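*Asks:* what's the 3D shape of this:
(one chain, ligands or ions: 1)
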Amino acid sequence: MEAKNSDNLGRREFIGMSGLVLAGTFFGPNMNLVQKESPVITIKKAAATAKITATKLRGNITVLEGSGGNISVLHGKDGKLMVDAGIGVSKPNVSAALNAISSDPLKFLINSHWHFDHADGNEWVHAAGAKIIAQEKTKQHLATTVRVVDWDYTFPPAPKSALPTVLFKDEYAMKFNGESIQVKKYSPAHTDCDVSIYFPNADILHVADTFWNSYYPFIDYSTGGSIDGMIKAAKFNVERTTNKTIVVPGHGAIGNKAQLIAFHEMLVTVREKVSKLKKQGKSLTEIIAAKPTAAFDAKWGGFVIDGKTFTSLVFKGL
Ligand SMILES: [Zn+2]
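*Replies:* Sure thing, here's the model as predicted:
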């Protein structure tokens, strides 16, 4: 199956979760008002039975959707390399999807950042033969107790076997299956350890959670994320791509440069609107009531972050 830029591919990723989204307020500051259970627990439960969809992109790169964030897989005679591992309980379905791509052994896993919906599968992927590569702060967060206030969840330290062992600060490069893979850290954006992964031959850029295709993003202030950082990363992603580049977002359908531009514009416009209201001395409650995201909600508010929650996340960084 060829890569498409339509929405319906990426939406499948969320089928397992979508029934659990309550009143659209799920992943953000107002979560406690509507839901007692942390979304982390809810999402982990759903991941156990989530269907994994494999889509061949270009070259030997396939994307797996369905267990937390999107997973990119490069396969070939050197073995398999994964970008992100999804959620641990999805192991049977993710393993089956990997085996369906090829029988090449698992050799490497690159973590795009520390979040559970991308790195929770580290332990089994490592046990299956992969060395884990990550930005040093990803390891730091995984190795310690981290409380994410907006998820109402405290993550215990990950087991030692789940921790990345190949660490870098700003950039990492490797040759694998004929690709000269380039891994590059962003300035703090969605977290303080986000990285992009570029496959030059295939011209595929995996940007992870610095881009949610057609959805408002979560921003993790607990580990260094901010709206201004998200805007900077979105601009970087636009500059880094051409009209031919295939863009793998953390969540949502496989995307392109035009969609990165639309995402950047949405972030900038919402930030401006919220900032203007805040400068007028309005409280968060008053700003939410003024609906600064109204023009965007139909397009961007259909997943875990609704307009209200996104307004709160933007407000938090101003
Ligand atoms: Zn994330």
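*Asks:* going forward, measure contacts and count neighbours with C-alpha atoms only.
*Replies:* OK.
*Asks:* quick one: contacts of the longest helix seen in the chain?
*Replies:* Counting by DSSP state H, the longest helix found in the chain is helix 257-279. Residues from elsewhere that reach helix 257-279, judged by C-alpha atoms under 8 Å, 6 or more residues apart in numbering: 211-214, 227, 230-231, 234-235, 237-238, 241-243, 245-247, 284, 287, 292-293, 296, 311, 314-315, 318.
*Asks:* Quick one: the strands in the chain, in order.
*Replies:* 53-58, 61-65, 71-74, 80-83, 106-110, 131-135, 146-148, 153-155, 166-168, 171-176, 179-185, 195-199, 204-212, 246-251 (DSSP state E).
*Asks:* elements contacting the last one?
*Replies:* In terms of contact count using 3 or more C-alpha pairs under 8 Å, 6 or more residues apart in numbering; DSSP states H and E, strand 246-251 is assigned the packing partners strand 204-212.
*Asks:* same deal with the third one?
*Replies:* Based on contacts counted as 3+ C-alpha pairs under 8 Å, 6+ apart, the elements that strand 71-74 packs against are strand 61-65, strand 80-83.
*Asks:* Just the CA atoms of that strand, as PDB, please.
*Replies:* Extracted in PDB, the C-alpha atoms of strand 71-74 (Å, rounded to 0.1, in the frame of the first residue of the first chain):
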ATOM      1  CA  ILE A  71       6.400   3.600  14.700                       C
ATOM      2  CA  SER A  72       8.700   3.800  11.700                       C
ATOM      3  CA  VAL A  73      10.500   0.600  10.600                       C
ATOM      4  CA  LEU A  74      13.500   0.400   8.300                       C
END
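*Asks:* rewinding a little: in TSV, list the helices and strands packed on strand 71-74 along with mean neighbour count and distance to residue 136.
*Replies:* Converted to TSV, these look like this (neighbours: other C-alpha atoms under 10 Å; distance: least, C-alpha to C-alpha, whole Å):
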stretch	mean neighbour count	distance to residue 136
strand 61-65	23	25
strand 80-83	24	16
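*Asks:* For these, please prepare CSV with the additional fields mean pLDDT and distance to residue 154.
*Replies:* Below are the helices and strands packed on strand 71-74 laid out as CSV (pLDDT from 0 to 100; distance: least, C-alpha to C-alpha, whole Å):
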stretch, mean pLDDT, distance to residue 154
strand 61-65, 98, 26
strand 80-83, 98, 25
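*Asks:* Residue 126 - how many residues pack around it?
*Replies:* Neighbour count of residue 126, defined by other C-alpha atoms under 10 Å: 20.
*Asks:* Over to the one 10 residues further on?
*Replies:* Residue 136 sits with 17 neighbouring residues when counted by other C-alpha under 10 Å.
*Asks:* Pull the contacting residues for it.
*Replies:* 167-169, 193.
*Asks:* doesn't residue 150 make contact with residue 40?
*Replies:* No: contact between residue 40 and residue 150 fails when scored by C-alpha atoms under 8 Å: they sit 10.5 Å apart.
*Asks:* the more surrounded of the two?
*Replies:* Using other C-alpha under 10 Å as the criterion, residue 40 and residue 150 rank with residue 150 on top: 22 against 17.
*Asks:* Local confidence estimate at that one?
*Replies:* Looking at residue 150, its pLDDT is 91.
*Asks:* so how far is residue 223 from it?
*Replies:* 11 Å (C-alpha to C-alpha, to the nearest Å).
*Asks:* what do you get for residue 235?
*Replies:* 21 Å.
*Asks:* Between those two, tell me which one has more neighbours.
*Replies:* Between residue 235 and residue 223, residue 223 has the larger neighbour count (other C-alpha under 10 Å), namely 21 against 16.
*Asks:* so who does that one touch?
*Replies:* 148, 191-192.
*Asks:* any idea how far it lies from residue 86?
*Replies:* Taking C-alpha to C-alpha, one finds residue 223 at 19 Å from residue 86.
*Asks:* Return the residues in contact with the closest residue in space to residue 68 that isn't next to it in sequence.
*Replies:* Sequence neighbours aside, residue 117 is the residue nearest to residue 68 in space, at 4.4 Å (criterion: C-alpha to C-alpha, 6 or more residues apart in numbering). Residues near residue 117 by C-alpha under 8 Å, 6+ apart: 67-69, 86-87.
*Asks:* With respect to residue 58, which of these is nearest?
*Replies:* residue 69 (19.4 Å; C-alpha to C-alpha).
*Asks:* Now the closest one: closest residue in space, sequence neighbours ignored.
*Replies:* Per C-alpha to C-alpha, 6+ apart, closest to residue 69 is residue 250, 5.1 Å.
*Asks:* ok, the one you found touching residue 72?
*Replies:* No: here residue 250 lies out of contact with residue 72, judged by C-alpha under 8 Å, at a distance of 10.1 Å.
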